[in-house]
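Chemist: Sequence unavailable; structure follows:
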C-alpha cells in the first residue's frame, strides 16, 4: 500500500472558506470540493480503509484552499493524498502518465521540435489524438525548441561573490529557453554567475496526476543535488513559480523529503531574488526607460509563496514602466489539467474572468511568470505574453546602448 | 519598506488597505487565510446581534472622538466605494430597517445591498426555497416571519434548480448557477408556474435565500424582480451567503487592482520594535522568513472571533504581535505607529462576540484619517522612484 505522509487537519471547522475560494468548485458542481475531499475525507478514513473518490480527478492542486483557510489547514496536502489513493486503487490513465512526464515529453518533443510543433497544429491529427489519447484537439500546445536550454547551457559552477544555482524547470528548458537565457543575462548584469546543477522535473505534474512515488523520486534527487550547492554558499533561484512552490513547500510539507526544509530556506523566485538584491542595495538599477503599459497576471503558485508581488516590484523600477495587476483568479490551465479532453470545457470556464480582465485592461502585453498560465493566456487572449525576466533583460540591454 | 502594513484581510483589513492606498500610500496586507467576512451576511448592522442607534453604539463601546464629521465621512466613503465596485448599498444609520434572516426572524440593519429589501408590516409575501438547498426551509421561515409580522399574509413553497450536483449545494452554488441566463429563466418560469398552481396571483414581496448572483448580481436581481413584477429580497442566513461573497470578492479584487501587495498564507512570527514604534514584522510562509518593514502598522485581526485574540482561563492574549493586553483585551502600552481596527480593540467593542458592520466601517475609516497619507506631488510613480533612489 502507498505510504502517505502525516498531515494534520484537526483544526478544520468546516467553515467553507476553501470551497468558496476554490476555482474548480466555482466552475462546476461535478467537483466534490476541497473541504469534502480534503479534511472530511481524511477524517472518514482515519484508522479505516482507504476510500477511492474519483471526484478528486478535478482537483488541480492550485492551492487556493490553503491560501483561504483561516485555521492554517494544509488542504492541498490532503487532496494530493486523495489523488494518490485514487491512482493507487483505480490506476492511472495512459494519457495522465504521459502528461505527468513533462521532462521526458520535453526531451523527445524538443529533439523533433520542428515536426512536433507542426504536428501539434494539424487539426486532423489533433482530432485523432483526442480520440486515442484524450488530449483536447482545440487546446493550443506550447511550442518546443530544438535548441533547448540543456543543449546550450552547461555551466556547473559559479565564481562570483554571490552565486546562483538555477533550477530551470521543464518549461524554460524545453519550451521557453529564451526565459532561461534572459535570467542568466539579468544575473550577469548584476555581477552574478549562474550555475546549472543536475536536476529533474520538480514533480508537480506527477503529484497532480496522483503519481506520488515518482514525484518523491524526483524530489529526492533534486534535494540531494541542490543541497550540494547551498552548502557551498549558492542561492537556488527559479523562474517558474510552480517549481518554486515545489521546492519551498511541497518537498518539505507534502512529500516530507529529508533535507527539504534546509533547502527551502535558500530557495528564491527570480523576481523575489532581484527585489532582495535591491533591498540590500546590491541591485544594478541602470535600467533604460520603457514607455509601456502592461498587465500583470499573478499565477496561483506565486500567490502561494506569500511573497507579495515581486514581479511588479522589480518591473516598477524601470522608469516609465506602467504595470497593472489584472486581479483575476485562477487561469484554469493548471498544469496538465487544461490539456485533458474531459476537463477542457471547465478549464475554459475557469479562465473566463482572466480573459475578460485582459480585454478590459487592453494593455500592450501580459506579464506572467508561469508557462502554463501563458498557455491559457495564449488560448484565450490576443495579447502577447512575457516573462518578467525577458523584460528586465531588455531594460538592462537598452541601458548599455543608451 | 511600505508606508502602511495591514495585518488581516477581513472587512476592516481590506477597507483600511483600499482607503490608505487611495490616499497615495504604498500598502501591504499580511494574512493567514480569509477573514470572517466570508462567514458574514454582508449587511451592515449598527449593533450586530441586537437593536440600537448610533448613540447606543457610541455609549456601549465607550467610543471617544467620533464626531458627526467622521461618522458621515465614513459612511459616505463606504457607500461611494460600493457604487464604484458595482454593488451599491442602500439605507442609512439614522433610520435602520428591519430585514428578514434565513431563519425567518427579523433583524435591524443600517446598510444593505440592493438585493435586500426591508420587510413591510402588511401585504402578501411568498417565501421561496430550493429543494437542493437544505439550510433554507421556507415553511420554517414563513412560520417565524408570521410570529414577527402577524398582519402579513404568507405563502411558501420550494422549487427545484434542476441541476445535477456531486456535492451538497450551498446558497453560493445556487447564486453562481442563477448567473447563467438559461438556468435563471427556467427557474423563474418554474417559480411562476408554482405560483399559478398555488393560486397566488400577485404578491408584494418574494423572499429567497441569499442566491441572487455574485459578480453578475444585477441581471439576476433585475430578471427576478421584473419577470415576477414584485419586490424581492434575499434572506441572509447560513453561510456562504451570496451577499457576503459578493462583498468579499469585490473588495478583494479592488485591493489587488490598486496594487496592494498581498502576503498570503503568512504567519507573523515576530516583530522589531523601537522605543515607541514597531519597525518591522517577521513573516513566515513556505519555510521562509521575511522581514516586512513599515512606517505604520494596522492590526485588523478580528479579535477573538477572528483569531487575533485568544481567551485563556483568566486572561486574554494577543496572538499576532504578542502585545501586552489587559483582561478586556485593551492594549497596555500603545505604539505611536500601530493602529487597531475593529475587534482588535478588545472585548469592549464586540457585541455578542462579534463586530463587523458599521463599527468596522467607521473604525477603518478613522484609522485612515489618523494615518493621514496624501499623494505627494508628481504622482505615485514619481514618488516611488524617488523613494527607491533614496
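Modeler: Yes, it's here. The structure displayed is predicted, hence computed values, not measured ones.
Chemist: can you tell me which residues contact residue B:118?
Modeler: B:97, B:98, B:99 (CB atoms under 8 Å, 6 or more residues apart in numbering or on different chains). Where C-beta positions appear, they are placed from N, C-alpha and C, glycine not excepted.
Chemist: The second one and residue B:105 touch, don't they?
Modeler: To tie it back to what came earlier, the one meant is residue B:98. No: counting by CB atoms under 8 Å, residue B:98 sits too far from residue B:105 to count as a contact (9.9 Å).
Chemist: Can you give me the pLDDT of residue 29?
Modeler: If you meant another chain, say so; for now it's chain A. We have a pLDDT of 96 for residue A:29.
Chemist: was after chain B, sorry
Modeler: Reported pLDDT for residue B:29: 98.
Chemist: Secondary structure class of it, three-state.
Modeler: Following DSSP: H, G, I helix; E, B strand; the rest coil, residue B:29 is assigned to strand.
Chemist: separation between it and residue A:18?
Modeler: Here the criterion is CB to CB, to the nearest Å. By it, residue B:29 lies 19 Å from residue A:18.
Chemist: Quick check: pLDDT value at residue 46.
Modeler: I went with chain A, as the question did not name one. Residue A:46 is assigned a pLDDT of 86 by the prediction.
Chemist: ah, I was thinking of chain B
Modeler: 96.
Chemist: Near chain A, which residues of the stretch 1-150 of chain B are found?
Modeler: Applying CB under 8 Å from any CB of the partner chain, we find that the stretch 1-150 of chain B lies next to chain A at B:28, B:32, B:33, B:34, B:35, B:36, B:38, B:39.
Chemist: Tell me who's in contact with residue A:370.
Modeler: So residue A:370 contacts A:240, A:241, A:242, A:299, A:301, A:302, A:331 (CB under 8 Å, 6+ apart).
Chemist: can you do 7 Å?
Modeler: A:240, A:241, A:242, A:299, A:301 (CB atoms under 7 Å, 6 or more residues apart in numbering or on different chains).
Chemist: now residue B:366
Modeler: Counting by CB under 7 Å, 6+ apart, residue B:366 touches residue B:70.
Chemist: List phi and psi for it.
Modeler: Dihedral pair for residue B:366: phi -60, psi -40, per degrees, to the nearest 10.
Chemist: rewinding a little: settle it for me: which of residue B:29 and residue A:18 has more neighbours?
Modeler: The neighbour comparison of residue B:29 against residue A:18 (other CB atoms under 10 Å in any protein chain shown) goes to residue A:18, with 31 against 28.
Chemist: any idea how far residue A:9 is from the residue nearest to the more buried one when sequence neighbours are not counted?
Modeler: Computed as CB to CB, 6 or more residues apart in numbering or on different chains, the closest residue to residue A:18 that is not its neighbour in sequence is residue A:65, at 3.8 Å. Relative to residue A:9, residue A:65 is positioned 12 Å away (CB to CB).
Chemist: still on that earlier bit, filter the contacts of residue B:118 down to the buried ones and express that as a PyMOL selection.
Modeler: In PyMOL syntax, the buried subset of these is picked out as below (16 or more other CB atoms under 10 Å in any protein chain shown):
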select buried, chain B and resi 97+98+99
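Chemist: Which one of the contacts of residue B:118 is nearest to chain A?
Modeler: residue B:99 (22.4 Å; CB to the nearest CB).
Chemist: Given whichever strand or helix holds the closest one, what are its sheet partners and their directions?
Modeler: Element membership for residue B:99, per DSSP states H and E: strand B:97-100. Partners of strand B:97-100 in the sheet, by DSSP bridges, are strand B:106-109 (antiparallel).
Chemist: does any part of the helix or strand where residue A:355 lies sit near chain B?
Modeler: Using DSSP H and E, residue A:355 sits in helix A:344-361. No: using CB under 7 Å from any CB of the partner chain, helix A:344-361 never reaches chain B; the gap is at least 8.1 Å.
Chemist: Show me what that helix is packed up against.
Modeler: Contact here means 3 or more CB pairs under 7 Å, 6 or more residues apart in numbering or on different chains; DSSP states H and E; on that basis helix A:344-361 packs against helix A:371-380.
Chemist: Need phi/psi at whichever residue of the stretch 151-300 of chain B sits closest to chain A.
Modeler: In the stretch 151-300 of chain B, no residue comes nearer to chain A than residue B:285, which is 3.0 Å away by CB to the nearest CB. Phi and psi for residue B:285, reported as degrees, to the nearest 10, are phi -150, psi 150.
Chemist: Can you list the low-confidence ranges for the chain?
Modeler: Using chain A here. In the predicted model, chain A carries pLDDT under 70 at residues A:1-3, A:5, A:401-402.
Chemist: The chain in question should be chain B.
Modeler: Low-confidence segments of chain B (pLDDT under 70): B:373-390.
Chemist: Could you give the number of residues near residue B:41?
Modeler: 28.
Chemist: repeat for residue A:362
Modeler: Neighbourhood size, residue A:362 [other CB under 10 Å]: 9.
Chemist: Spell out which residues of the stretch 301-402 of chain A are next to chain B.
Modeler: A:303-309, A:312, A:316-317, A:319, A:325, A:327.
Chemist: In three-state terms, label the most centrally placed residue in chain A for me.
Modeler: Central residue of chain A (CA atoms, centre = their mean): residue A:242, 2.4 Å from the mean position. Counting by three-state DSSP, the backbone at residue A:242 sits in helix.
Chemist: ok, it - contacts?
Modeler: Counting by CB under 7 Å, 6+ apart, residue A:242 has contacts A:204, A:301, A:335, A:370.
Chemist: Which residue is the nearest non-sequential neighbour of the closest residue to chain B within the stretch 101-250 of chain A?
Modeler: Proximity of the stretch 101-250 of chain A to chain B (CB to the nearest CB) peaks at residue A:248, 4.0 Å away. What sits nearest to residue A:248 in space, not counting adjacent residues and going by CB to CB, 6+ apart, is residue B:286, at 4.0 Å.
Chemist: From residue A:241, how far off is the residue of the stretch 151-300 of chain B closest to chain A?
Modeler: In this view, residue B:285 and residue A:241 are 14 Å apart by CB to CB.
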